[in-house]
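what shape does this take:
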Amino acid sequence: MTRQPISHGSFTIERTYNASPARVFAALSDVEIKARWFIGPEGYTESRREMNFEPGGSEILQGRFPTGKETLYIARFHQIVKDERIVYVYDMRLNGVHHSLSVATVEIEPVALGTRLIYTEQIAYLDGTNGVEGTALREHGVGWHLDNLADTLRATS
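Presented below is the predicted three-dimensional model:
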């Protein structure tokens, strides 16, 4: 087996939602609500979704893109402070190959218009992915999910 170099990346995304911190936290912590916004793009077929939302618990999302690429997301929750923060680590596998390992934090703060969410991710790419290019794609994908969260919050207000 050829040894792959490890590359790194990090990013932070902020969003403000017209919803209370409790509603935003619920959308992150309730598997049924999260299934409305933490999804694959058009044509993605979900094959597995599980969530045990507690420190030491896990979240799993597995599926396949129309191209045939399979994804497996496995997260482990490390710290949860209701309506304030979530800290977790997650592995991403692509077609069975360990693609990346990330530390992610979600900070939830009340603001005048509702809630400010601050998402920060630090990534180690394990499969030879270029850190700059990989991080740009990851940041785009997380931003897309957070926009979906906004749509979900609007639809459930």
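
next SSE after the helix or strand hosting Arg48?
Here Arg48 sits within strand 45-51, counting by DSSP states H and E. Using DSSP H and E, the next helix or strand after strand 45-51 towards the C-terminus is strand 58-64.

tell me the mean pLDDT for that following strand?
Strand 58-64 shows an average pLDDT of 98 in the prediction.

so where is this structure shaky, pLDDT-wise?
By pLDDT under 70, the low-scoring segments of the chain are 1.

okay, now Thr16: neighbour count?
Neighbour count for Thr16, taken as other Cβ atoms under 10 Å: 14. All C-beta atoms are positioned from the backbone trio N, CA, C, and that covers glycine.

what sits against it?
Val111, Leu113, Gly114, Thr115, Arg116, Leu117 (Cβ atoms under 8 Å, 6 or more residues apart in numbering).

also Ala112?
Ala112 neighbours (Cβ under 8 Å, 6+ apart): none.

next one: the one 5 residues further on
For Leu117, the contacting residues are Glu14, Arg15, Thr16, Tyr17, Val24, Val106, Glu107, Ile108, Glu109, Leu146, Leu149, by Cβ under 8 Å, 6+ apart.

could you do Tyr125 as well?
So Tyr125 contacts Ile6, Ser7, His8, Gly9, His99, Ser100, Gly131, Gly134 (Cβ under 8 Å, 6+ apart).

would you list these in JSON lines and tack on neighbour count and distance to Val142?
Output for those, formatted as JSON lines (neighbours: other Cβ atoms under 10 Å; distance: Cβ to Cβ, whole Å):
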{"residue": "Ile6", "neighbour count": "14", "distance to Val142": "21"}
{"residue": "Ser7", "neighbour count": "19", "distance to Val142": "18"}
{"residue": "His8", "neighbour count": "13", "distance to Val142": "16"}
{"residue": "Gly9", "neighbour count": "22", "distance to Val142": "12"}
{"residue": "His99", "neighbour count": "19", "distance to Val142": "15"}
{"residue": "Ser100", "neighbour count": "24", "distance to Val142": "13"}
{"residue": "Gly131", "neighbour count": "17", "distance to Val142": "16"}
{"residue": "Gly134", "neighbour count": "19", "distance to Val142": "12"}
